[in-house]
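S.K.: got a predicted structure here, sequence first:
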Amino acid sequence: MNVNKKSIIAIAALFLVNFSFAQTLEEGIANVDSQKYAKAKEVFNQMITKSPDEAENYFYLGNTYLTQYEPNFAKAAEYFNKGVTLDKRAYLNKIGLATIKLGKGDKSGIADIQAIVKDSREKDPQVLYRAAEALTMFDETSAPDLAIEYLNKAIEKADRKGVPAYYYYTLGDAYRIKKIPGDAMNAYDKASAVAQNKASVFTRMGTLWMAAKQWKLAKEKIDAAIAVDPTYAPAYRALADFDINYQQNEKAKNDLINYAKYADEDPSTQLDIAKLYFTIDDYANSKITLDKIFDKVEDPIKYKLRAYLLFQDGDYATAKQDLDLFMQKAEPNRILDADRGLQGLIEAGLAKTETDPAKKAALIASSKKNVGLAKAKQDATLDWDLELAQINGGAITSSDEGPTSPVIEALKKQVQANPKDTNLLFQLATNYQDIKNWNGAVLTWQKMSSLLPDWAPAYYSQGYAYQQAGNNEMAANSYQKYIDKVKPEEVDANKETLSYAYFAIAYLDKDSEPAKAKEYAARSVMLNPTYEDAVKLNKELNSVPSTNGNIDSKSTNKPVTDSTATK
């Protein structure tokens, strides 16, 4: 073949341009994976500046706004639409627009993606990959089976040139959604074999083991990710989640410092860090981080986070303003049960200082309704009853003033070293009860409930300890949680304890909620017809209304025991 010198130079120049483009694209993708979103946006903006007529460049920039922790749908749509305007067959940008639908909870985006892939004739592995990525991006609108189908086709088509690692780890993500951890791990293993930076794959393996509650294996993989690349920010994010799960807040705080250090100053990332600080009760750092980027963030969720922080500070009036702003600006599907619960707590706080009787009554009624909505959906963002008790001055916050013993002091040290050891917590709680340190018992049973949220006896024991401490409202709330947690198949084995729980609530609520009290007293008798106090109360409620509003645990003929005798 005869090729003149001019042609050789032209071919070489074209090769260099394509190589430079690929290098820049891969750099941008790597920055997204490393959660360096500001850097990624900078790279993709440079690509647009160099080639403003290339539609795909707008997809990569727009997609960065979707993959960050709080997606910016408006900004993403702006870039995707620019790409479609440049090229009506811009499949990637069309997938981006369909992904926005999925992010907003609209499942019609799945059909849109299927149509786009069909129109592309499945020739381009990148189109297949991005379609699959979209179908795994949002849990509520995911379609993992279809994603797996597209990814397998993309891998097959890309095989000749080499399969990018992110094809495999997205395949692993799809299997995770399907709850098939073995296939997910196999996909991650394949990603590890071809990945330039194995930290990305090791981090995913670690979080997969965390999801499976294989904590030792999870820690090993996360540590391996950091060892391979000490600057890989997502590994520190995963380590923070690990330490938060183990209630090691000081360690988690250090993890977040490293996460912030190795990520970048992108406002979305900083907002996520502020939320994580809030999760570990580090409200000071959460506020500092949020204040730093508040005006740079467009997402209305910033108002919700600030409302939570203001609520914790007891600034209920300003917290209400911010929460109202969030609810006005956010799309309806982003307003959660927890947001209604927070609204109710704020209203309870405002009611404390309200001097107008009518306004006070309205706030209390609205508070009860909104907190009730969160509790009815079993939302666990906050301990709603405990937060209400703290507002009203009825919460137990310390066991230091109560009696102690050498055994308790030794157990406290062991629990401090092993905060997730439920056997130690059980021993500590029962020892507190033995010496009648009811505050200590309550706080320890609460820790047990946070570790074993579905273990009903811990809630009964909280109710019993609260009752002995004279905190009848929190006792009734805890007994109700116990009732809710007892599974239908466990009722027969727990009839006596359930009978007492129903009786206790009925006795407390007989003046404020007589209809509920009658129902609960009747259930108590039905479960245990020989329970004299329940029989007596049931008879009273169906005849002359009672005027006594306090539980006197000494007046009952129930033995002073609790349901935790057999753990």
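M.R.: Sure thing, it's come through.

S.K.: residue 347 and residue 354, how far apart?
M.R.: 10 Å (Cβ to Cβ, to the nearest Å). Bear in mind the C-beta positions are built from the backbone N, C-alpha and C, glycine included.

S.K.: so which of those two has more stuff around it?
M.R.: Each of residue 347 and residue 354 has its neighbours counted (other Cβ atoms under 10 Å); residue 347 has more, 23 against 16.

S.K.: what touches both of residue 347 and residue 354?
M.R.: residue 363 (Cβ atoms under 8 Å, 6 or more residues apart in numbering).

S.K.: sketch out the low-pLDDT regions of the stretch 251-400 of the chain for me.
M.R.: Scanning the stretch 251-400 of the chain for pLDDT under 70 picks out 394-400.

S.K.: quick one, strands of it?
M.R.: Ranges of strands in the stretch 251-400 of the chain, per DSSP state E, counting those that start in this stretch: none exist.

S.K.: so how far is residue 90 from the spatially most central residue of the chain?
M.R.: In the chain, the residue lying closest to the centroid (Cα atoms, centre = their mean) is residue 381, at 7.9 Å. Between residue 381 and residue 90 the computed distance is 40 Å (Cβ to Cβ).

S.K.: same check, this time on residue 444
M.R.: Relative to residue 90, and taking Cβ to Cβ, residue 444 is found at 60 Å.

S.K.: neighbour count winner among the two?
M.R.: Per other Cβ under 10 Å, whichever of residue 444 and residue 90 has more neighbours is residue 444, with 30 against 23.

S.K.: tell me which element the more buried one is part of?
M.R.: In the assignment (DSSP states H and E), residue 444 maps to helix 438-451.

S.K.: what ranges in this structure fall below the confidence cut-off?
M.R.: Looking at the chain by pLDDT under 70, you get 1-23, 160, 394-400, 544-567.

S.K.: gap between the helix or strand where residue 458 lies and the chain center?
M.R.: Using DSSP H and E, residue 458 maps to helix 456-468. Centroid separation for helix 456-468 versus its chain: 27 Å, with Cα atoms, centre = their mean, to the nearest Å.

S.K.: now stretch 126-146
M.R.: The answer for stretch 126-146 is 21 Å, by Cα atoms, centre = their mean.

S.K.: distance between the ends of it?
M.R.: 15 Å (Cα to Cα, to the nearest Å).

S.K.: mind listing what's buried in that stretch?
M.R.: 126-138, 141-144, 146 (16 or more other Cβ atoms under 10 Å).

S.K.: looking at the residues you listed, which are in helices?
M.R.: Among the buried residues of stretch 126-146, DSSP state H puts 126-137, 144, 146 in helices.

S.K.: dump those residues to JSON lines, plus distance to residue 336.
M.R.: Formatted as JSON lines, these follow (distance: Cβ to Cβ, whole Å):
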{"residue": "126", "distance to residue 336": "35"}
{"residue": "127", "distance to residue 336": "34"}
{"residue": "128", "distance to residue 336": "34"}
{"residue": "129", "distance to residue 336": "32"}
{"residue": "130", "distance to residue 336": "29"}
{"residue": "131", "distance to residue 336": "29"}
{"residue": "132", "distance to residue 336": "28"}
{"residue": "133", "distance to residue 336": "26"}
{"residue": "134", "distance to residue 336": "23"}
{"residue": "135", "distance to residue 336": "24"}
{"residue": "136", "distance to residue 336": "22"}
{"residue": "137", "distance to residue 336": "19"}
{"residue": "144", "distance to residue 336": "24"}
{"residue": "146", "distance to residue 336": "28"}
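
S.K.: nearest to residue 502 among these?
M.R.: residue 144 (43.5 Å; Cβ to Cβ).

S.K.: what about the closest one, distance to residue 454?
M.R.: Counting by Cβ to Cβ - residue 144 and residue 454 are separated by 27 Å.

S.K.: and the helices in the stretch 101-250 of the chain?
M.R.: Assigned by DSSP state H, counting those that start in this stretch, the helices in the stretch 101-250 of the chain fall at 108-119, 125-137, 144-158, 165-177, 181-194, 198-211, 215-228, 233-245, 249-262.

S.K.: which strands and helices sit next to the first one?
M.R.: Contact here means 3 or more Cβ pairs under 8 Å, 6 or more residues apart in numbering; DSSP states H and E; on that basis helix 108-119 packs against helix 91-103, helix 125-137, helix 144-158.

S.K.: of all those, which lies closest to residue 337?
M.R.: helix 91-103 (20.0 Å).

S.K.: can you state the direction angle for the closest one and helix 125-137?
M.R.: Interaxial angle, helix 91-103 versus helix 125-137 (axes from the mean of the first three to the mean of the last three Cα atoms, to 10 degrees): 10 degrees.

S.K.: and helix 91-103, what other elements does it pack with?
M.R.: helix 55-67, helix 73-86, helix 108-119, helix 125-137.

S.K.: what's the last one packed up against?
M.R.: This means helix 125-137. helix 55-67, helix 91-103, helix 108-119, helix 144-158, helix 165-177.

S.K.: pull the CA atoms of the third one into PDB?
M.R.: It stands for helix 108-119. Output of helix 108-119 as PDB, limited to C-alpha atoms (Å, rounded to 0.1, in the frame of the first residue of the first chain):
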ATOM      1  CA  SER A 108     -42.000   4.300  32.300                       C
ATOM      2  CA  GLY A 109     -38.300   5.100  32.000                       C
ATOM      3  CA  ILE A 110     -37.700   1.400  31.800                       C
ATOM      4  CA  ALA A 111     -39.800   1.100  28.600                       C
ATOM      5  CA  ASP A 112     -38.000   4.200  27.300                       C
ATOM      6  CA  ILE A 113     -34.600   2.500  27.800                       C
ATOM      7  CA  GLN A 114     -35.800  -0.600  26.000                       C
ATOM      8  CA  ALA A 115     -36.900   1.400  23.000                       C
ATOM      9  CA  ILE A 116     -33.600   3.300  22.900                       C
ATOM     10  CA  VAL A 117     -31.600   0.100  23.000                       C
ATOM     11  CA  LYS A 118     -33.800  -1.500  20.300                       C
ATOM     12  CA  ASP A 119     -33.400   1.600  18.100                       C
END
